[in-house]
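Undergrad: Got a predicted structure plus its sequence, pasted below:
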Amino acid sequence: MNLKLRYNVIITAGALLLVFFSSCEKKVDLTQATNDIITARTVGLAYLEENLLDEAEKKFITLIQLAPEEAMAYANLGLVYFRMGRYSKAENQVKKALSIDSNDPDIRLILSEIFMLTQRENDALKVLKTTLEQTPDHVKTLYKIAELYDRQLYISPNDIDVLNKREQYLRKIAELAPANIPVRIQLIEIQLRLDKTDTALMHMEQIEQQMPDIPKEALVFFDKALMLMRALENEKALTQVQIVHNILKVTKLYQAGITDLKGAGGHRSGLPVLTFSQDLSLRINDQKSIINAIRFKDVTTNAGLDIIQRGKEKISTTSGKEAVLALADYDNDGDQDLYVTSFIHNKTESINYLFRNDMGQFVDVSAEAGIKHSGKDMAVLFADYDNDGYLDIFVANTDSNRLYKNIDEGKFSSVEMNFGSLDSSLGYAALFADFDHEGDLDLFLATTGRNRLYRNNLDGTFTELSKKMGIAGGNVLSRDAIFGDFDEDGDLDLFVVNEDTSNQLYTNLRQGRFIETTEASGLTSDGNSGSATVGDYNNDGFLDLFVTAMSNGSNYLYRNNGNGTFEKDVTQIELYQALDNIIGLDVCFFDFDNDGFLDLLVVGEQDEKRENGSGIRLFHNDGTGSFKDISTILPPDLTSGYRIAVADYNEDGDMDIFITGINGGVKLLRNDGGNINKYLKVQLVGLRAGSGKNNHFGIGSKLEVSVGDLYQMRVVTEPVTHFGIGQKLKADVVRIQWPNGVPQNLFYPGSDQDIVESQILKGSCVFLYAWNGQEYEFVTDVLWRSALGMPRGIMGGTTIYAFPNSADEYLKIPRDIIKAKDGKYSFQFTEELWETPYLDQIKLIALDHPDSVDIFIDERFFPPPFPTPHIYAVSEKFIPKSAMDEKGNNVIEKIREQDDKYVSTLMPEKFQGVMTMHDLILDLGELSQAEQIVLFLNGWVYPTDASINVSMSQSDKIKTIPPILQVVDRNGHWKTVIDNLGFPMGKKKTVIADLTDKFLSEDYRVRIRTNMQIYWDYIFFSTEEVKTTVQKTVLQPISAEIHYRGFSRVYRKGGRYGPHWFDYNDVSIEQKWRDLTGDYTRYGDVLPLLLDSDDMYVILNSGDEITVTFDADIPSTINRGWTRDFLIYTDGWLKDGDLNTAQGQTVLPLPFHGMSSYPFGEGENYPIDYKHRLYLNNYNTRKVTNENYRRVLWQ
């Protein structure tokens, strides 16, 4: 399963009978009838899954007798006959089902397969297209139609009409399931055949971004295909893509994608129909009857897990873990696999098992997988530590900790990892999470001594930083640890469970620093704790905690107040009484009945006072936040356990339980009936290449789901996150807050909806729109020079931040954009991203000059001191004779004119803003007689961000290399003559380089070399210095008013290689970002704040807009044959909300001219004289918190 939202609609028999007997007022004992219906459905489906067709036939006939108006009974009986090869009887039953429910797409799929096998392909196509009239987004139907058109292509391979139809359906599937690799690669092949090179290239690049590391044997062909597609050599590219396709077909990831499109058995085996009718489903309102129908069944032996060795002697629970386990889909085949160890004392080491899940049967593959080590395993977990899309294995062990890298969909290799000295401390619990929010997973190890935090450098190395980060703790026994955003400020905090002292809460201060806030949070304890779990048990949007006790009386459920403080929930009397005399060794929140409320499972053993009782308790959340002991639905022979893991191992929509034993071994408890309610599964896919902002599986993300009046929230702790949604039909909104803090919304998701990280622009500076005579048009971004608190790197262990200077920025505005409106030039300055600008001064400069020349200003980014702006006048523009990239590709047509066609032959590295080293080689021709040579380069840059800079600073593997400019010397070698050419300050800016006296020979070639993500659009040069008169008129604004506006629609100008652009006339007003909190400038007139650079400025929040006008009645200095251009001047600062921006959570501290650094140097503060205090009191009175952002879905 790739990232999936799955729904299942199954009705309880009790609810069915509520319908059957709704008119009856007297009480009726319906228990036996209820059991008969549930048994017929459940056992029939089980027989069908096991291919026991005769038995399945009998059960579905029984179900028809019990529920004669239910389509699913007839459909599944038809499926039984279909698999028996009795096609006529199958067709009759399926048609009966359709006569009852003509809208069910799964029933129509069965009928289409019957038609296919009886040589009625046209009828099959007709049935499938009828399905799409009612359910146009049904992925399996869309793919079946695409396959039918593929069959037609075997007969007529060049039929353009059929090619177009197949492409149409594959394209639709790719929109609905963007993480599905088989669809993408098939779509690329068909688009190349149709000469749709640009869209094929887009899909190829998206595969590169999303897919786990491309197999080595395919990589050369993949890269060659990309190169050929960019060169428009489609036929050759198609050959390479087909080779890649053939290699990918044998991978489990590809096969899992096919399963998502066809089902586990493929089309030919048919898909069983799991749901009763929607009418009956909607009437379910008795959750008690659902609970009564659920049982957990011990299927350990049937699943193949009884081979795990266990000890015979009684072991003390305090002596150490005898069996640990972890669940995850390590081989990317779509189901949950199992790693478990069992410690046998007479062997003095753990026996390790890695089980591959083969459709619910577990097969031990540890020997072939390469998992082998000595010592006793204390903790184990799956995690993708290297962001390659494959889950690796970490083992905390008494001999030495081990990290196994997943090298080939299930083959592992031990990785050398320097864990440092543990001072004989043993690791009790391990967590992988992005604690510094820079895109990779760090490792926290709770030990019997000082705890450890290993920062992931993403180059295969880790650095131990627990003391520096403030989370080492003391020399205490820490048994467990969990993470989550406990104070709702957007970053991950850490809770550590201690046995011999108080538990500890560490609050994340960002920039790699934590502070202990245990006492202030209300989480102080007397020690004696065993384990903890995190979850929002009362569905109020805040993460709560449950902590178990190692002895009587210290179990506590902590309710989060939403501000980083907790209260013990003293109302849970039944919960606490049931846990008396139980040593709680592990605990987890999970929704076993899919009602949308988290239930609670505690495992351990009875203490010595009660030897004969069970140490395992299951509590049901009744929807009000109260827990009821319903342990009776567990197998009666369960007495104790060490560790828990929960997952839907058999993919039937409810959560099953794995429990390791006190003496080793594991029990698998299958959930029978939990899928009566519907559910939702989410697996996030972070972009692997060209981003680097988030870990691949989104661990640490905050997931929120709104379904009618039901709200739920989870922190993502493993690749698959499960939500029960009761009897709601579908989710209204799913909101993801990725670990880098960026939100992403998905409205009204379909039943098989992929969620892939969006490449969202979160920071870019203030947007400038101008009135063009008809509407406001986006011009460019301003304040680009300023980046308050932006980390640039680490020097000697100290973070180096961007310079604190204000922007002091001049930019050219194209003359055809500005037109007077009611005698005024009108501009809109908007803030639409996750940032806060401090806009201090605005001026408009009119430049009148002869129309025989064009004027330009240098708009490149370079550090201070900023030079005095120079106006370049050009009378004649020369295009280079040739333009080539480092691979010899001819790109001259890309730079010949300003047409939004960009040099785009760049290959991404891990991070946004960083590509592989690339060259642009320009031949300027013969210039020996030129009096001056000035090069003009117009383009845009996609920058890194604060968190990416932090990540890159942790390793020497990847560094940003700004453009250098080289020329050829007399020996024919390239020599650098400009060490830092600079780069465009954002979108569509011009970089100007005076090359006069820079050439070292008669060879006038220029090479620009960098690894930055810069896209050039238009390049020319001039060869003479033009002396001309330029009349300058400086205009002050005559009005300025700030108000809330919202967010413009975003698109890419010039296609996918163009900059993000903004449609002013298409605006949404909903809150988009987590605000920087503090005091903003109140709405209304702000003209006095924009006239001078005086540290009294307009502070804008995201969504704000300032309308600024200038008097268009400029004294005429334009003579005949003259024209007018404009410059816009802005001064101020900008601070973005990136989680690694220094002090990026708040408006404060306020910047000021002359500060030596930001954060401030010692003794520095914003001016507090009378006029600045008056400014603060009069203008900055609009208080902004994060309450609206946090509560938008909950409300």
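TA: In hand now; what should we look at?
Undergrad: going forward, measure contacts between C-alpha atoms and count neighbours the same way
TA: Noted.
Undergrad: all helices of the stretch 101-250 of the chain, in order?
TA: Applying DSSP state H, counting those that start in this stretch to the stretch 101-250 of the chain gives helices spanning 105-117, 121-134, 139-155, 160-176, 181-193, 197-210, 216-230, 234-249.
Undergrad: gap between V415 and I657?
TA: 31 Å (Cα to Cα, to the nearest Å).
Undergrad: between the two, who's got more neighbours?
TA: Shown here are V415 and I657; by other Cα atoms under 10 Å, I657 has more neighbours (21 against 14).
Undergrad: Helix, strand or coil: sort out the nearest residue to L248 once chain neighbours are set aside for me.
TA: Distances taken as Cα to Cα, 6 or more residues apart in numbering put Y254 closest to L248, at 6.2 Å, once the chain neighbours are dropped. Secondary structure, DSSP: H, G, I helix; E, B strand; the rest coil: Y254 is helix.
Undergrad: Quick one: neighbours of Y254, just the number.
TA: Y254, neighbours per other Cα under 10 Å, totals 21.
Undergrad: H722 now?
TA: If we define neighbours as other Cα under 10 Å, then H722 has 24 of them.
Undergrad: who are the neighbours in contact with it?
TA: Y679, L680, K681, V682 (Cα atoms under 8 Å, 6 or more residues apart in numbering).
Undergrad: which of those residues tops the neighbour count?
TA: Y679 (29 neighbours).
Undergrad: which SSE is that one in?
TA: strand 678-683 (DSSP states H and E).
Undergrad: For the nearest residue to E1025 once chain neighbours are set aside, list the residues it contacts.
TA: Counting by Cα to Cα, 6+ apart, Q932 is the residue found nearest to E1025 once chain neighbours are left out, at 6.1 Å. Q932 makes contacts with D994, L995, T996, S1022, T1023, E1024, E1025, as judged by Cα under 8 Å, 6+ apart.
Undergrad: mind running it again at 10 Å?
TA: Contacts here follow Cα atoms under 10 Å, 6 or more residues apart in numbering; on that basis Q932 touches D994, L995, T996, D997, F1021, S1022, T1023, E1024, E1025, V1026.
Undergrad: What of D1095?
TA: D1095 neighbours (Cα under 10 Å, 6+ apart): 838-841, 1089, 1132, 1150-1153, 1166-1167, 1172, 1175.
Undergrad: Then S88?
TA: For S88, counting by Cα under 10 Å, 6+ apart, the contacting residues are G78, Y81, F82, I114, T118.
Undergrad: ok, for the first one, nearest residue in space, not its chain neighbours?
TA: Spelled out, that is G78. Here the residue nearest G78, using Cα to Cα, 6+ apart, is A90, at 4.0 Å.
Undergrad: burial count for G304?
TA: Quick note: G304 (other Cα under 10 Å) scores 17 neighbours.
Undergrad: From what I see, it and L338 are in contact.
TA: No - counting by Cα atoms under 10 Å, G304 does not reach L338; the two are 11.6 Å apart.
Undergrad: can you list residues touching both of these two?
TA: F355, N357, F362, V363, D364.
Undergrad: Now render the contacts of D1095 as CSV, adding neighbour count and distance to Y390.
TA: Shown next, in CSV, are the contacts of D1095 (neighbours: other Cα atoms under 10 Å; distance: Cα to Cα, whole Å):
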residue, neighbour count, distance to Y390
Y838, 26, 44
L839, 25, 46
D840, 25, 49
Q841, 24, 51
L1089, 21, 54
G1132, 31, 45
L1150, 17, 44
P1151, 27, 44
F1152, 25, 48
H1153, 15, 49
Y1166, 15, 49
P1167, 15, 53
H1172, 15, 55
Y1175, 15, 55
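Undergrad: Which of the residues you listed fall in helices?
TA: Of the positions in the contacts of D1095, H1172, Y1175 sit in helices, assigned by DSSP state H.
Undergrad: Which ones among the contacts of D1095 map onto strands?
TA: Under the assignment DSSP state E, these contribute Y838, L839, D840, Q841, G1132 to strands.
Undergrad: Would you format the helices of the stretch 101-250 of the chain as JSON lines with distance to C765 and mean neighbour count included?
TA: Output for the helices of the stretch 101-250 of the chain, formatted as JSON lines (distance: least, Cα to Cα, whole Å; neighbours: other Cα atoms under 10 Å):
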{"stretch": "helix 105-117", "distance to C765": "48", "mean neighbour count": "23"}
{"stretch": "helix 121-134", "distance to C765": "44", "mean neighbour count": "17"}
{"stretch": "helix 139-155", "distance to C765": "40", "mean neighbour count": "18"}
{"stretch": "helix 160-176", "distance to C765": "31", "mean neighbour count": "19"}
{"stretch": "helix 181-193", "distance to C765": "35", "mean neighbour count": "22"}
{"stretch": "helix 197-210", "distance to C765": "26", "mean neighbour count": "19"}
{"stretch": "helix 216-230", "distance to C765": "32", "mean neighbour count": "17"}
{"stretch": "helix 234-249", "distance to C765": "39", "mean neighbour count": "18"}
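Undergrad: Can you check which of the ones you listed gets nearest to N498?
TA: helix 197-210 (39.7 Å; Cα to Cα).
Undergrad: Quick one: list the elements packing against the closest one.
TA: helix 181-193, helix 216-230, helix 234-249 (3 or more Cα pairs under 10 Å, 6 or more residues apart in numbering; DSSP states H and E).
Undergrad: Of those, which is nearest I616?
TA: Short answer: helix 181-193, nearest of those by Cα to Cα, at 42.4 Å.
Undergrad: Centre of the chain to the closest one, how far?
TA: A distance of 25 Å separates the centroid of the chain from that of helix 181-193, by Cα atoms, centre = their mean, to the nearest Å.
Undergrad: ditto for stretch 509-523
TA: 26 Å.
Undergrad: Next, the buried residues of that stretch.
TA: L509, R510, Q511, G512, R513, F514, E516, T517, T518, S521, G522, L523 (16 or more other Cα atoms under 10 Å).
Undergrad: taking the mean pLDDT, what do you get for that stretch?
TA: Averaged across stretch 509-523, pLDDT comes to 96.
Undergrad: Between its first and last residues, how far does it reach?
TA: End-to-end distance (Cα to Cα), stretch 509-523: 19 Å.
Undergrad: Please apply the same query to stretch 513-530.
TA: Note: stretch 513-530 ends 27 Å apart using Cα to Cα.
Undergrad: 187 is where my numbering starts, stick with that
TA: Got it, first residue is 187 now, which makes that one stretch 699-716.
Undergrad: Might you report the residue contacts of S1302?
TA: Taking Cα under 10 Å, 6+ apart, one finds D1034, T1219 in contact with S1302.
Undergrad: any idea how far I300 lies from G264?
TA: 10 Å.
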